[in-house]
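[1] Here is the input, now give the coordinates:
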Amino acid sequence: MYWRGKHKFSHLEVAPGGSFAGFGGPSLGNKTYYVDTYHTYASDSNQGLDVTLPFKSIQAALDVCVADQNDYVYVIDAYQADATAIIPTKQMFHLIGIQNPNCPWMNLNAQSDTEDIMGGTGGGLNYSEIAGLGFGGGATAKGGIYLSQTIGLWVHHCTFGHSFGGDTPDFGIHGGAQNHEACLFEDNIFLGSGNNCQGTIAVDGIRLLGATASKNVVIRRNVFMGIPGVAISVNCFGGMILNNTFSMDADTAGSAITLSSVSKGCWIDGNSANFGDTDAATGPPWLDSASGGADTNNWGRNWEGSTEGYPA
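    Purely as a prediction, here's the structure:
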């Protein structure tokens, strides 16, 4: 059986039981698990291998995954999901929501003010994929996804900051003091105060400001609406910030993209920002704090409303 689609794998041979072989090597022996956090037929006592007998919690499904095996976890429903923060510990997994991530029925909500909705520890998010999920209500001073020296994480087609319950998270995706490498964040939606819903982002959309710079992080084709602080705030070497769109609340320099003072070798191009319903504002939406300014990083054509703009 051949599978072709939007993913990078053009030839996967699917074996009985859900395992696949590809990349010119032997079968990886991966498995597929199912989760339904809402309906009563789901239980963490199930094996989760059958769509009619899914796990009740995302954590239970991730716990049975085998590290480095590319196991898949499909989330059928996620209304009022896990009772505690989801902490992946088995790197190289795929966590996929199979409904519209902007629907409240697919939103994950933090359950207390001491927890991120999902947090990575000890490399538990490394080389993994998260897609098709909503990260709605969250804990104050916390966020949707927390990174801890994360390598190769791919987050796409998720919504951050849309919920009908839960507290207000400070961040969509944020990281600790450690550096993060080769992560890809694309085709996501980040919603702040401008979208008039509960559980909205209170500070920054994507915030990676560890003491050690992240490396080769790519942030592209995301939408940021009404973020009160900075939509993308990063300390990064060799990163790419491409073709994102912003509608900002704050009329301040760098409210769309701010690069830290030690960022260098980044490429920023094709981004478009305005402030509410106006094309331009006093403070340009781009801020390059690097010691060499725009000479240290590479700025292509970015737009402030209908005008091409350059960083402060």
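[2] In this protein, which strand is the longest?
    Of all segments of type strand in the chain, defined using DSSP state E, the longest is strand 71-77.
[3] any residues touching that strand, and which ones?
    Under the criterion C-beta atoms under 8 Å, 6 or more residues apart in numbering, residues 18, 30-39, 51, 54, 58, 61-62, 65, 90, 93-99, 105-106, 132-133 lie in contact with strand 71-77. (Glycine included, C-beta is placed from N, CA and C.)
[4] Swap in 6 Å and give it another go.
    When contacts are defined by C-beta atoms under 6 Å, 6 or more residues apart in numbering, strand 71-77 is touched by residues 30-36, 38, 61, 65, 93-98.
[5] Using pLDDT, spot the least trustworthy of those.
    Lowest pLDDT of the contacts of strand 71-77: Y38, 85.
[6] Surely that one touches Y79?
    Yes: using C-beta atoms under 6 Å, Y38 is in contact with Y79, at 4.4 Å.
[7] Compare the two (neighbour count), which wins?
    A count of neighbours by other C-beta atoms under 10 Å puts Y79 above the other of Y38 and Y79, at 17 against 14.
[8] Next one: that one relative to V64, how far apart?
    Distance, Y79 to V64, using C-beta to C-beta, to the nearest Å: 22 Å.
[9] now do G97
    In this view, G97 and V64 are 19 Å apart by C-beta to C-beta.
[10] of the two, who's got more company?
    G97 (27 against 16).
[11] Need phi/psi at that one.
    The phi/psi pair for G97 (degrees, to the nearest 10) reads phi -80, psi 140.
[12] show me what contacts it?
    75, 106, 132-133.
[13] Check the gap between V75 and Y38 for me.
    Going from V75 to Y38 by C-beta to C-beta gives 10 Å.
[14] mind listing what K264 touches?
    237, 296.
[15] beta partners of it?
    With beta bridges defined as DSSP bridges, K264 has these partners: F237.
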